[in-house]
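S.K.: Have a look; sequence and predicted model below, questions after that.
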Amino acid sequence: MDFAPGKKFDHDPVVDVRQIMRKFLRSIGLFSARLIGTRLTDFQTGCDLGKTLIIPWRGKVHVIGLKTAVRVVFLPQKRLTYWKQEIGFTTHPPPDFPNETSKMSAGHGEKEQD
């Protein structure tokens, strides 16, 4: 089936409709999560991270509606109990990879000849 001279319609329109519907339903879900969700604050800094839905599902904690990546931390407790742990959320720390260019400029990467 040719729609234009020299061009063919290669993709299936059903796939495009599925992607559009998926994006539409995702946007509705995120909007409702941010509308009715609970406020989430960073445990370490105390800053507001936004509104989110927190859903425990099959041993995992799903955080829906945030724009930043968070990680779960266990909160300190006065009494040590193993059956009930309180959890908090914090943002990921920046990576602390070593600076490789400083080693090369200091002469560690070069061989010496006698």
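M.R.: Thanks, I have the structure now. Residues are numbered from 1 along each chain as shown.
S.K.: same question for the longest strand seen in the chain, mean pLDDT?
M.R.: Using DSSP state E, we find that the single longest strand of the chain is strand 48-57. The average pLDDT for strand 48-57 rounds to 86.
S.K.: Identify each buried residue in the next helix or strand after it, please.
M.R.: Sequence order places strand 60-64 as the next helix or strand after strand 48-57, per DSSP states H and E. For strand 60-64, the neighbour count (16 or more other Cβ atoms under 10 Å) marks Val63 as buried. C-beta: built from backbone N, CA, C; applies to glycine.
S.K.: sorry, back to before: show me what the longest strand of the chain pairs with in its sheet, parallel or antiparallel.
M.R.: Strand 48-57 has its sheet partners listed here by DSSP bridges as strand 38-41 (antiparallel), strand 60-64 (antiparallel).
S.K.: Can you check which of those gets nearest to Leu75?
M.R.: Among those, strand 38-41 comes nearest to Leu75, with 12.2 Å by Cβ to Cβ.
S.K.: May I have that closest one as PDB, with CA atoms only?
M.R.: What follows is strand 38-41, C-alpha atoms only, in PDB (Å, rounded to 0.1, in the frame of the first residue of the first chain):
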ATOM      1  CA  THR A  38       1.000  12.400  50.900                       C
ATOM      2  CA  ARG A  39       3.800  15.000  51.400                       C
ATOM      3  CA  LEU A  40       7.300  13.400  51.400                       C
ATOM      4  CA  THR A  41      10.200  15.200  53.200                       C
END
